[in-house]
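Novice: what's the 3D shape of this:
(one chain, ligands or ions: 2)
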Amino acid sequence: MDELHKIARAYYTTANEESKSQGRRFFNSIDHDSNRRITIQEYLPYMKRNGHTKMANRPFFDYLNESRTGELEFMEVMTLFYIIKSGRKICDGCDGLLKGTFFSCTDCFAADDESFNLCSKCFTESKYVHPHKHFLDNYIILENMKLTLAEKEKKIRQMEAAMANHQVSY
Ligand SMILES: [Zn+2]
Ligand SMILES: [Zn+2]
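Specialist: Residues are numbered from 1 along each chain as shown. Ligands and ions are numbered 1, 2, ... in the order given. Below is the predicted model:
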């Protein structure tokens, strides 16, 4: 079984009632005819309508359809739910789902624009067209974000201390 299917299954099994019913609502919103199975005719319009255009295609549907029945069952839709909820990204080079380490353009990341992301294959083999040149992998970006947060925290504390001193001497 694909790792993301496993992760999604584990999350669903251990989720509280609230999250489980969220998952069921998600399933029901795609299951147009309420027959507990999602066909590609139900899948595609839902994905397009909700802005998940990069996942609105046959290969992605087939990836989710691990049982190879041609119709998504509940747990397969929970994998999709997990992918969307966790904000998993699609490679801007090959359109594959980014499952492990990926690389993000730091210029686009900093500009808060649409981020530009690459799988390690597209990145290392330079299989992409993009105006910017600076990329960092997701682990380093996360580490940097922690640093910036800690830095901000420190500044706020310093300001608080300065204010407190000011009040005392006032
Ligand atoms: Zn790629
Ligand atoms: Zn960029």
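Novice: can you pull the buried residues of the one helix or strand residue 81 maps to?
Specialist: In this assignment (DSSP states H and E), residue 81 forms part of helix 74-85. Residues of helix 74-85 classed as buried: 75, 76, 77, 78, 79, 80, 81, 82, 83 (neighbour count, 16 or more other CB atoms under 10 Å). Using the backbone N, CA and C atoms, a C-beta is placed for each residue, glycine as well.
Novice: which SSE is residue 32 in?
Specialist: Per DSSP H and E, there is no helix or strand for residue 32.
Novice: what pLDDT does it get?
Specialist: Predicted confidence (pLDDT) for residue 32: 93.
Novice: Isn't it up against residue 49?
Specialist: No: in this structure residue 32 lies outside contact range of residue 49 using CB atoms under 8 Å: 11.5 Å.
Novice: When those two are compared, which one has more neighbours?
Specialist: residue 32 (14 against 11; other CB atoms under 10 Å).
Novice: show me what contacts the closest residue in space to that one that isn't next to it in sequence?
Specialist: Among residues not flanking residue 32 along the chain, residue 42 sits closest, at 4.9 Å (CB to CB, 6 or more residues apart in numbering). Shown in contact with residue 42 (CB atoms under 8 Å, 6 or more residues apart in numbering): 30, 31, 32, 33.
Novice: so which helix or strand takes in residue 42?
Specialist: Going by DSSP H and E, residue 42 is in helix 40-49.
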